[in-house]
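Engineer: Mind looking at a prediction? Sequence and model below.
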Amino acid sequence: MRVAIGQFNATVGAFRENADRIAALSRDASAKGATLLVLPEQAIPGYPARDFLTRHGFVAKNVEALEYLAKATASLPISLYAGFAEPHPGRGTGVHNAAAWLRGGRTLAVARKILLPSYDVFDETRYFDPGEQVRIVDHEGVKIALTICEDLWNDKTYWRQRRYERDPVEEAVAAGAQLVINASASPFEVGKPQQRERMLAACARRHRVPIVYCNLVGGNDALIFDGRSLVVGKDGEILARGKAFEEDLLIVDVEPTAAGTKAIASPPPAAKGSAETSSPRHPVSPFRDGAPSDEDLDDLLRALGLGLRDYLRKTGFEKVVLGLSGGIDSALTAALAVSAIGAENVIGVALPSQYTSQISKDDAAALAENLGIRFETLSIEPAFEAFKETLAPVLEGRTPTLTYENLQARSRGVLLMALSNELGALLLTTGNKSESAVGYCTLYGDMAGGLNLLGDLPKIVVYALSRYVNRDREVIPSRTISRPPSAELREGQTDQDSLPPYEVLDRIIAGYVVEGRSADELVAAGEDEAVVRRVRKLVRSSEFKRRQAAPSLKVTPRAFGEAWRYPIAQGYDED
């Protein structure tokens with residue numbers, strides 16, 4: 001059976017555009033001899049549509065687009081498996097996360113997602129009702145099980161901790177399925193592509209059934225979908241891989257399992273040995289043991305580039321502006337932006353104060369020259385002095401310290417937002433996950449902006465990624481990477497005046513934030529108790545800042561934002 005996988009970049013709410021893209025893929029796949037085209041989860045409305053799914057008009061237009069697609073492909077000798085939001089008025093949420101089997105201008109079958117994730121960034125029980133059973137269709141004499149994303153993620157012999165009782169693949173194979181196809185929208189995070197391959201290979205091997213898996217590609221808000229669709233043979237061998245972080249049309253000849261083949265009662269030793277210690281509730285930080293591998297760093301570069309490009313394209317921006325402090329965070333952000341959208345679309349602005357060192361000024365200018373971007377310098381001193389003069393009557397008799405440090409950062413934020421408004425360029429904020437975790441950032445100051453590329457990267461990874469950017473030539477000045485980081489808001493300031501060393505801080509953040517470990521567990525693992533409890537207190541007391549932060553592109557198992565939902569006003573004592 002010749003199967004096509006249409007790994008494409010859907011835009012939320014762009015129904016006609018998405019349908020036209022699918023129709024074009026259908027024509028191409030059919031011309032190459034494919035008789036089945038598998039598409040991503042929610043390919044018609046885009047994923048995740050979030051609260052749009054609560055609006056009847058949105059769901060109705062998505063159904064209209066599905067009908068349009070059916071008619072547009074009616075004359076093609078190919079079946080389509082395309083994700084959409086299926087209305088079922090009168091009970092529950094009134095919507096299913098579904099996928100339609102289209103052929104000859106008609107919807108011949110509808111599969112409904114059975115396992116609805118509600119963890120991490122997923123909130124599907126808010127929007128969808130679960131399907132009741134796996135749908136199986138007959139195509140060219142082959143029984144094909146129609147599944148959707150999470151339906152594949154609960155193999156009882158692979159996961160040590162399972163979230164659901166049911167295993168839809170097991171049910172489908174028991175009902176005679178000879179091939180499993182899956183429409184997916186699985187977001188990227190470091191290490192997840194390898195995990196997907198291991199899981200799908202183990203599932204196929206256990207059930208002696210091939211799996212065709214189509215994943216979404218592209219960026220939608222903070223989520224990045226890496227594609228990497230897969231075709232896995234019945235013995236667990238990888239037959240085909242889709243491109244990473246790019247659209248792709250895979251054409252693969254798949255040999256279904258012979259009718260009557262029995263699944264093996266227990267997995268072979270290789271499958272048992274690959275069982276995951278991670279689970280949705282207790283993920284494992286990919287950076288627990290330090291800096292990531294070159295493979296992971298390359299993935300990060302491509303993921304963040306795709307996330308930025310799609311965020312700009314789907315929100316109507318073409319250019320970005322950012323402050324260049326001479327430090328490593330802004331340098332890496334600028335380098336990533338140039339790599340993603342070109343130097344002609346990036347504007348760097350130095351905003352020195354009396355505390356900005358000459359080294360920082362020189363490094364910011366050198367970075368801009370290395371990148372070939374437009375570079376401006378605006379002193380914040382006039383604005384800062386004007387603010388101080390305005391405040392003087394109210395602050396008479398006081399000697400503000402932290403207030404004036406924050407006022408410097410906010411002076412920069414005001415100027416950068418003014419440039420963003422006037423130039424029509426999205427302001428990129430440049431903070432990292434380590435700083436966000438402990439509140440080492442200023443509301444309406446260095447936090448000002450519309451998107452954060454580094455917000456899910458610990459500081460140790462910022463350094464590693466900066467060195468990786470420089471692997472072929474010096475893009476980021478080497479001095480920027482080697483010298484101690486500083487906010488330069490007072491004379492002689494360094495980050496370590498206020499924070500533990502980043503290698504210590506990032507280990508604690510990985511354990512407490514990403515893995516959900518307690519202070520006692522972290523201390524038992526060798527961390528200093530006083531430092532752990534101080535960091536934990538800072539994390540909790542900084543929630544009000546994170547709630548007002550720009551979206552950060554998600555690249556780890558637990559990012560701040562939708563995956564981190566803690567109250568600001570609370571009195572819980574963790575000890």
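Structural biologist: Received, thanks. Numbers count the residues shown, from 1 in each chain.

Engineer: Which residue ranges of the stretch 351-500 of the chain form strands?
Structural biologist: 374-377, 425-429, 451-452 (DSSP state E, counting those that start in this stretch).

Engineer: could I get the ones you listed as a markdown table with mean pLDDT?
Structural biologist: Below are the strands of the stretch 351-500 of the chain laid out as a markdown table (pLDDT from 0 to 100):
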| stretch | mean pLDDT |
| --- | --- |
| strand 374-377 | 98 |
| strand 425-429 | 99 |
| strand 451-452 | 98 |
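
Engineer: right, so of the ones you listed, which gets closest to residue 235?
Structural biologist: The closest approach between residue 235 and any of those, judged by CB to CB, belongs to strand 451-452 at 43.6 Å. C-beta: built from backbone N, CA, C; applies to glycine.

Engineer: ok, and what's touching stretch 185-193?
Structural biologist: With contact meaning CB atoms under 8 Å, 6 or more residues apart in numbering, stretch 185-193 is reached by 40-42, 47-48, 83, 121, 149, 196, 215-216, 223-226, 228, 244, 286-287, 292, 296, 299-300, 303, 554-557.

Engineer: Now, those residues that are in helices?
Structural biologist: 196, 296, 299, 300, 303 (DSSP state H).

Engineer: could those residues be laid out in CSV, adding pLDDT?
Structural biologist: CSV is the format used below for the ones in helices among the contacts of stretch 185-193 (pLDDT from 0 to 100):
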residue, pLDDT
196, 95
296, 96
299, 98
300, 98
303, 99
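
Engineer: ok, those vs residue 494, which is closest?
Structural biologist: Of those, the one sitting nearest to residue 494 (CB to CB) turns out to be residue 300, at 26.2 Å.

Engineer: I'd say that closest one and residue 555 touch.
Structural biologist: Yes - between residue 300 and residue 555 there is a contact under CB atoms under 8 Å: 6.1 Å.

Engineer: overlap in contacts of those two?
Structural biologist: Joint contacts of residue 300 and residue 555 (CB under 8 Å, 6+ apart) are 190, 457.

Engineer: Tell me which of those two has more neighbours.
Structural biologist: residue 555 (27 against 23; other CB atoms under 10 Å).

Engineer: quick one: that one and residue 457 touch, right?
Structural biologist: Yes - between residue 555 and residue 457 there is a contact at 6.9 Å, judged by CB under 8 Å.

Engineer: Flag the shaky bits of the stretch 51-200 of the chain, pLDDT-wise.
Structural biologist: Nowhere does the stretch 51-200 of the chain drop to pLDDT under 70.

Engineer: Domains in this structure, by residue range?
Structural biologist: Residue ranges for the domains of the chain, per automatic domain parsing: 2-273, 294-494.

Engineer: Retrieve the pLDDT associated with residue 397.
Structural biologist: At residue 397, the pLDDT value in this model is 88.

Engineer: still on that earlier bit, mutual contacts of residue 555 and residue 457, please.
Structural biologist: residue 300.

Engineer: and the residue nearest to residue 555 when sequence neighbours are not counted, how many neighbours does it have?
Structural biologist: Nearest non-adjacent residue to residue 555, counting by CB to CB, 6 or more residues apart in numbering: residue 456, 5.0 Å away. Residue 456 is flanked by 27 other residues according to other CB under 10 Å.

Engineer: Residue 67 and residue 359, how far apart?
Structural biologist: The gap separating residue 67 from residue 359 is 63 Å, by CB to CB, to the nearest Å.

Engineer: Include distance to residue 331 and mean neighbour count when you put the strands of the stretch 351-500 of the chain into a markdown table, please.
Structural biologist: Converted to a markdown table, the strands of the stretch 351-500 of the chain look like this (distance: least, CB to CB, whole Å; neighbours: other CB atoms under 10 Å):
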| stretch | distance to residue 331 | mean neighbour count |
| --- | --- | --- |
| strand 374-377 | 13 | 16 |
| strand 425-429 | 12 | 24 |
| strand 451-452 | 15 | 24 |
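
Engineer: Mind putting those strands into JSON lines with distance to residue 405?
Structural biologist: What follows is the strands of the stretch 351-500 of the chain, written out as JSON lines (distance: least, CB to CB, whole Å):
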{"stretch": "strand 374-377", "distance to residue 405": "21"}
{"stretch": "strand 425-429", "distance to residue 405": "18"}
{"stretch": "strand 451-452", "distance to residue 405": "21"}
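
Engineer: neighbours of residue 462, just the number please.
Structural biologist: 25.

Engineer: For it, give me its contacts.
Structural biologist: 328, 329, 332, 432, 454.

Engineer: same thing but 10 Å
Structural biologist: Counting by CB atoms under 10 Å, 6 or more residues apart in numbering, residue 462 touches 328-329, 331-333, 430, 432-435, 454, 481, 485, 502, 506.

Engineer: Check residue 563 too.
Structural biologist: 119, 120, 121, 122, 222, 283, 456, 513, 514, 554, 556, 557.

Engineer: which among the residues you listed gets closest to residue 339?
Structural biologist: The nearest member of the contacts of residue 563 to residue 339, counting by CB to CB, is residue 456 at 17.9 Å.

Engineer: now the closest one: how far from residue 97?
Structural biologist: 26 Å.

Engineer: Can you point out the buried residues in the strand or helix carrying residue 240?
Structural biologist: Per DSSP states H and E: residue 240 is located in strand 238-241. In terms of neighbour count (16 or more other CB atoms under 10 Å), strand 238-241 has its buried residues at 239, 240.

Engineer: Pass me the low-pLDDT residue ranges in the stretch 201-350 of the chain, would you?
Structural biologist: Using pLDDT under 70, the flagged stretches of the stretch 201-350 of the chain are 260-282, 290.

Engineer: now do the same end-to-end measure for stretch 114-134.
Structural biologist: In stretch 114-134, first residue to last residue: 8 Å (CA to CA, to the nearest Å).

Engineer: Give me the buried positions along it.
Structural biologist: 114-117, 120-124, 127-131, 134.

Engineer: Can you tell me which of these is closest to residue 105?
Structural biologist: residue 131 (24.6 Å).

Engineer: can you give me the helices in the stretch 51-200 of the chain?
Structural biologist: Secondary structure of the stretch 51-200 of the chain (DSSP state H, counting those that start in this stretch): helices located at 56-72, 168-174, 192-207.

Engineer: and those helices as CSV, adding mean neighbour count and distance to residue 153?
Structural biologist: Converted to CSV, these look like this (neighbours: other CB atoms under 10 Å; distance: least, CB to CB, whole Å):
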stretch, mean neighbour count, distance to residue 153
helix 56-72, 18, 24
helix 168-174, 21, 10
helix 192-207, 21, 7
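
Engineer: Of these, which is nearest residue 393?
Structural biologist: helix 56-72 (52.7 Å).

Engineer: Which other helices and strands does that closest one contact?
Structural biologist: helix 15-31, strand 79-87, strand 95-103, strand 106-112 (3 or more CB pairs under 10 Å, 6 or more residues apart in numbering; DSSP states H and E).

Engineer: Export only the CA atoms of that helix, formatted as CSV.
Structural biologist: C-alpha atoms of helix 56-72 as CSV (Å, rounded to 0.1, in the frame of the first residue of the first chain):
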residue,chain,number,x,y,z
HIS,A,56,-20.0,27.9,17.6
GLY,A,57,-19.0,30.0,14.6
PHE,A,58,-15.4,28.8,14.7
VAL,A,59,-16.5,25.1,14.8
ALA,A,60,-19.1,25.7,12.0
LYS,A,61,-16.5,27.3,9.7
ASN,A,62,-14.1,24.4,10.3
VAL,A,63,-16.8,22.0,9.2
GLU,A,64,-17.5,24.1,6.1
ALA,A,65,-13.8,23.9,5.3
LEU,A,66,-13.8,20.1,5.7
GLU,A,67,-16.7,19.9,3.2
TYR,A,68,-14.9,22.2,0.8
LEU,A,69,-11.8,20.0,1.0
ALA,A,70,-13.9,16.9,0.3
LYS,A,71,-15.3,18.5,-2.8
ALA,A,72,-11.9,19.8,-3.9
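
Engineer: now the angle between strand 95-103 and it, please.
Structural biologist: Calculated by axes from the mean of the first three to the mean of the last three CA atoms, to 10 degrees, helix 56-72 forms an angle of 10 degrees with strand 95-103.

Engineer: Strand 79-87 and helix 56-72, what's the angle between them?
Structural biologist: 160 degrees.
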